[in-house]
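Novice: Quick one: sequence plus predicted model below, questions after.
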Amino acid sequence: MEGVGNMNIVFIAPPAAGKGTQSKLLSDKYGIVHISTGDLLRSEVASGSELGNHINELLKSGKLVDDEIVFNMLETRLKQKDCDKGYILDGFPRNLEQAKIYDEMAKRLNRPIDYAILLNITREEAMRRITGRVSCPACGAVYNEYSDVFTYSGMCNHCSAKLVKREDDNIETFNQRFDTYLSRTQPIIEHYKMKGILHVVDSGISKENTFAQIESIIGGN
Ligand code: AMP
């Protein structure tokens, strides 16, 4: 595994821009922990708890989950020892309030953000990707049915588990999620620009091209 030093990264991106894919590539190559708030929320849904049912309604509508719920899960995760090596926040912060509360929490836990990476993609391309997206419930790999080649159809190339489609990957929820991104998430771009840690990546070409741009930002290969 290659090293780029300890670093904490946040990805800012509309749905289907490649946050999950790029996080996994970074995590595999550099050993940085991958924390997806969407995955944390989906695992609460899968547990079947009352809280999980409440979260599920919001996920299906494409709206944001309450900040308090997200912070409870995130703080528990960030206190774990493996986060000392650095981590990628995938899907967080989602609004300006979360970015500001995170800054306070970062001081308390000594976990400041080093890089905020904006993955840019058009609405049209994001929509095309959403309809083909499938993922592996076992190892987290994300694929596109239209562009990826599979060793066995419908199975993960890494671990052979059966690939699944996310319930919120449909056109109606996509439109709500994209609008939520524009109105709620985009304002955090300015927040990180003012801190001098914002980097912009064109994520519309290919996952390899996007990854190369990210590596040149963080000082990897
Ligand atoms: P994602 O897996 O990042 O695409 O997120 C899927 C859904 O989870 C979003 O549409 C939101 O409903 C919810 N979600 C994920 N991260 C957050 C967050 N940081 N704050 C609020 N809601 C979130």
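Specialist: Received the coordinates, thanks.
Novice: quick one, longest helix in the protein?
Specialist: helix 96-109 (DSSP state H).
Novice: helix or strand for the closest residue in space to Arg133 that isn't next to it in sequence, which one?
Specialist: Spatial nearest neighbour of Arg133, chain neighbours left out: Asp169 (5.4 Å); criterion: CB to CB, 6 or more residues apart in numbering. For glycine as for every other residue, the C-beta is placed from the backbone atoms N, C-alpha and C. Taking DSSP states H and E as the definition, one finds Asp169 inside no helix or strand.
Novice: Output the contacting helices and strands for the longest helix of the chain.
Specialist: Applying 3 or more CB pairs under 8 Å, 6 or more residues apart in numbering; DSSP states H and E, one finds that helix 96-109 contacts helix 67-78, helix 188-195.
Novice: let's see 6 Å
Specialist: The contact analysis (3 or more CB pairs under 6 Å, 6 or more residues apart in numbering; DSSP states H and E) places helix 96-109 against helix 188-195.
Novice: can I get the CA coordinates of the helix it packs on in PDB?
Specialist: Extracted C-alpha coordinates of helix 188-195, given in PDB (Å, rounded to 0.1, in the frame of the first residue of the first chain):
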ATOM      1  CA  ILE A 188     -20.400  24.800   1.100                       C
ATOM      2  CA  ILE A 189     -18.100  25.300  -1.900                       C
ATOM      3  CA  GLU A 190     -17.600  28.900  -0.800                       C
ATOM      4  CA  HIS A 191     -17.000  27.900   2.800                       C
ATOM      5  CA  TYR A 192     -14.000  25.700   1.700                       C
ATOM      6  CA  LYS A 193     -12.800  28.200  -0.900                       C
ATOM      7  CA  MET A 194     -12.500  30.900   1.900                       C
ATOM      8  CA  LYS A 195     -10.400  28.400   3.900                       C
END
